[in-house]
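J.: The following comprises the amino acid sequence and a computationally predicted model.
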Amino acid sequence: MRSVSDRVRSAVLVFAGATLVALFFATQSQVNPDLRNLVPWKHALTVNLAYYWLYGLAVPLVVAIGRRFPLDARRWGRALLIHIAASLFVTAFIVAVTEVVLNAIHLRSVPVREAVLIALSVNFHSLLPTYWMILIAYLAFQYYAKYRDRELRASQLEARLSEAQLGALKMQLRPHFLFNTLNSISSLIYTDREAADAMLARLAEFLRLTIDSDAEQLVPLRRELDFVRRYLEIEQIRLESRLRVRYDIAEGVSDAPVPSLILQPLVENAIHHGVASREEGGTIVITAAVENARLRISVADDGPGFASGGAPERLRIGLRNTQARLEQLYGARYDLKFADREEGGVVVEMRLPMETAEGLSRASTRDPSPQ
């Protein structure tokens, strides 16, 4: 339902519009040399204001008829006939009522019946288009409102679709991670039960954190690093001293927004290909800093690198999903690069816009003057 303020605003607009139209047509009696001496300005203004103010009062009726009988493609013929009949009746009624009012304020020197008959012959045809102007204005407004509504619904649907796609990508990450972790627990349960129990506890903590952030696509970098630390605690139980981790996090970046669970698949790939596959293990280096108003995050290992022919194999589901999520969230405003390091191993680097969560969230007819 429309609010009181909307109704008042509409009434003011109708009144202002009717007044402007009346003023416009009243001036015709003054610019026309043949009428200037016959029709005084005060008389012409009063007559036109009476006619168009009363037609302004009929606007809700015209709108109601237009709403009840829209000129759409289904029954436009029947609706057109109804509007023709309504325009004739409403205009004739306005003419009759106006002449009664003008007679009551002594602007007519003939009896009411005679004044009405004269006005119908003189002013009816000039006033009739007013009905159709009101109807066309209403239909144009309705069309614009429906267009805007379709635009809004389309944008909302697009946003929901994007969120659903992002959610699906996140759900693909969890089974992938769970499979690897449960497989590690399975291999430990017969050889080191304490380690298996500790890994299960860390896994439960990690899953609780991920579930708590289920509805969030962006989280502060510090929370994402906390996720990664929990994951690395699980892997360090399995790999023990073979896995070494180093963090290089610049000051002032802990609150920077990043996609949730965006680092875990990168770290997982680095461990799987750069650490776990080597008897001596290896080191994972996670860095974050702001460069040129963009957040640069990298995950590096000191494993065999792409030069050993491992590049295609290393672009597994986790990395593919990482790229797909970044495309969904940022479009073309991100960079994701994979490269061999000069000192050995591989570095995966992301450059993301420093964007807030809110930032991601997104239709003439002229009447002769009545005399």
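T.: Alright, I've got the coordinates.

J.: Packing partners of the helix or strand where Val95 lies?
T.: Per DSSP states H and E: Val95 is located in helix 76-104. Packed against helix 76-104, as judged by 3 or more CB pairs under 8 Å, 6 or more residues apart in numbering; DSSP states H and E, are the following elements: helix 41-57, helix 59-68, helix 112-122, helix 124-188. Just so you know, the C-beta spots here come from the backbone N, C-alpha and C atoms, and that holds for glycine as well.

J.: Now do that helix against helix 112-122: the angle between them, please.
T.: 130 degrees (axes from the mean of the first three to the mean of the last three CA atoms, to 10 degrees).

J.: which parts of helix 76-104 are buried?
T.: 79, 83, 86-87, 90-92, 94-99, 101-103 (16 or more other CB atoms under 10 Å).

J.: Tell me the one of these nearest Glu233?
T.: Ala79 (71.4 Å; CB to CB).

J.: so who does the closest one touch?
T.: 69-72 (CB atoms under 8 Å, 6 or more residues apart in numbering).

J.: Now, of the residues you listed, which are buried?
T.: Phe69.

J.: which one among the contacts of Ala79 gets closest to Trp41?
T.: Leu71 (39.1 Å).

J.: Wasn't the closest one part of a helix?
T.: No: according to DSSP: H, G, I helix; E, B strand; the rest coil, Leu71 belongs to no helix; its state is coil.

J.: which residues does it contact?
T.: Contacts of Leu71 (CB under 8 Å, 6+ apart): 79-80, 83, 139.

J.: In terms of pLDDT, where does Glu240 sit?
T.: Per-residue confidence (pLDDT) for Glu240: 83.

J.: For Ile286, find the nearest of the helices and strands packed on helix 76-104.
T.: That would be helix 124-188 among the helices and strands packed on helix 76-104, by CB to CB, at 17.1 Å.

J.: Any stretches of the protein with poor pLDDT?
T.: Low-confidence segments of the chain (pLDDT under 70): 1-3, 32-39, 73, 154-177, 210-216, 306-318, 355-371.

J.: who does the longest strand along the chain pair up with?
T.: The residue-count maximum for a strand in the chain (DSSP state E) belongs to strand 282-291. Sheet pairing here is set by DSSP bridges, and for strand 282-291 it gives strand 243-249 (parallel), strand 294-301 (antiparallel).

J.: Turn these into a markdown table, columns for mean neighbour count and distance to Thr27.
T.: As requested, those are arranged in a markdown table below (neighbours: other CB atoms under 10 Å; distance: least, CB to CB, whole Å):
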| stretch | mean neighbour count | distance to Thr27 |
| --- | --- | --- |
| strand 243-249 | 14 | 75 |
| strand 294-301 | 21 | 62 |
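
J.: Ok, which of the ones you listed comes nearest Val267?
T.: That would be strand 294-301 among these, by CB to CB, at 5.6 Å.

J.: Run through who's touching that closest one.
T.: So strand 294-301 is contacted by 221, 253, 256, 258, 263, 266-267, 270-271, 273-275, 282-290, 341, 345-354 (CB under 8 Å, 6+ apart).
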